[in-house]
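Chemist: After the sequence you'll find the predicted model.
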Amino acid sequence: MGKILVTGGAGFIGSNLCERLVTYGQKVVCLDDLSSGKKINVQYLMEKPNFEFVNHDICFPYHCEGIDQIYNLACPASPIFYQDDPIQTSKTSFLGAFHLLGLAKRTCAKILQASTSEVYGDPLIHPQKEGYFGNVNPIGLRSCYDEGKRLAESLFFDYYRKHDVQIKIARIFNTYGPGMDESDGRVISNFIFQVLRGDSITMYGDGRQTRSFCYVDDMVNALILLMNTDHSVTGPVNLGNPVEYSMLELAQKIGSILGVEISFEFKRLPEDDPKQRKPDITFAKNILKWKPTVQIHDGLEKTIEYFKCLNKTK
Ligand code: UDP
């Protein structure tokens, strides 16, 4: 049995994926430069004999032998993080994909790219199917991430067509759950912490924009299933939970779980903030025999518990 490389393995989805693979008895090499990932996310895995952590930035080549699979999850994914150093975000998306595809080619490893619903930009088609080419502003504040991820998809397909590299592309929609960074400015972490502290909820725009939220365990299941499909399955495959909520509905849900009357502080909607987002997951259902199983209420309860524990240990 060869090793599995997880880049961005100390990040939110990455650390949940590493944990699952280690539990399955796989040999996991977790690569992370800790720019947005956190070592604490994988600290408890460090004692496991089948887990190795390597501090490495994928903008530089990484050499390794005996790899069967590569999950490329390395990239800051929340808007405030990826916009903080946008040039680095573009470099990570492109150079990271380039170096890892080279590694996959040389070692004959399968490689899965964590792409994103952001490739659809502010979509004009609803829900979004994989065949939709998207509505992306190429020069906006989000473009370092959106265009970076689009270019990575393009590069993946060129390595597939030119070099027969076994590629898998997952378009990941909004995901939440334990392991989320409390300070990454995402809507679920922001709202939970604001309600826990008794603060007003920061609502950007009028709160009628929508998102669909997938619990991280469901996402990890899907990623592993996709990686283990045969060579003919390249994707791109939408992965997410198609149940759609407005941000106002989401805030109400968090308030009701915590039994708190919520109040809002309305703020300007960030530039290019998509008005709606919801995956069509027909392809994933057919090809992976997968669908999300965790309801938002249960997922939010678990996430709230995680954040409460995190705060207690501080
Ligand atoms: N949002 C909000 N208040 C916050 C954080 C986010 O109203 O404190 C909104 C944000 O403008 C967007 C939605 O929630 O419309 C989801 O934002 P997030 O950053 O979680 O993800 P993304 O925009 O990348 O889907």
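Modeler: Perfect, thanks for sending it.

Chemist: so residue 4 touches residue 21, yeah?
Modeler: Yes: contact between residue 4 and residue 21 holds when scored by C-beta atoms under 8 Å: they sit 5.7 Å apart. All C-beta atoms are positioned from the backbone trio N, CA, C, and that covers glycine.

Chemist: burial of residue 30, as a residue count?
Modeler: Neighbours of residue 30 under the rule other C-beta atoms under 10 Å: 32.

Chemist: can you check residue 143 too?
Modeler: As a burial measure, the neighbour count of residue 143 was computed by other C-beta under 10 Å and equals 20.

Chemist: ok, now the one 3 residues further on?
Modeler: Residue 146 is surrounded by 25 other residues when neighbours are defined as other C-beta under 10 Å.

Chemist: Could I get the CA-only coordinates of the helix or strand encompassing it as CSV?
Modeler: Following DSSP states H and E, one finds residue 146 within helix 143-163. What follows is the C-alpha trace of helix 143-163 in CSV, where atoms were taken according to Å, rounded to 0.1, in the frame of the first residue of the first chain:
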residue,chain,number,x,y,z
SER,A,143,-10.7,36.6,-9.1
CYS,A,144,-7.4,35.5,-7.6
TYR,A,145,-9.3,32.6,-6.2
ASP,A,146,-12.0,32.1,-8.9
GLU,A,147,-9.6,32.4,-11.9
GLY,A,148,-6.8,30.6,-10.0
LYS,A,149,-9.1,27.6,-9.5
ARG,A,150,-10.4,27.8,-13.1
LEU,A,151,-6.8,27.8,-14.4
ALA,A,152,-6.0,24.8,-12.2
GLU,A,153,-8.9,22.9,-13.7
SER,A,154,-7.7,23.7,-17.1
LEU,A,155,-4.2,22.5,-16.3
PHE,A,156,-5.5,19.3,-14.8
PHE,A,157,-7.4,18.5,-18.0
ASP,A,158,-4.3,19.3,-20.1
TYR,A,159,-2.2,16.8,-18.0
TYR,A,160,-5.0,14.3,-18.5
ARG,A,161,-5.2,14.8,-22.3
LYS,A,162,-1.4,15.1,-22.9
HIS,A,163,0.0,12.8,-20.3
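
Chemist: For that helix, which outside residues touch it?
Modeler: Outside helix 143-163, the residues within contact range by C-beta atoms under 8 Å, 6 or more residues apart in numbering are 75-77, 79, 82-83, 86-87, 89-90, 92-94, 96-98, 101, 104-105, 111, 113, 115-116, 118-119, 121, 134, 136-138, 165-167, 169, 234, 236.
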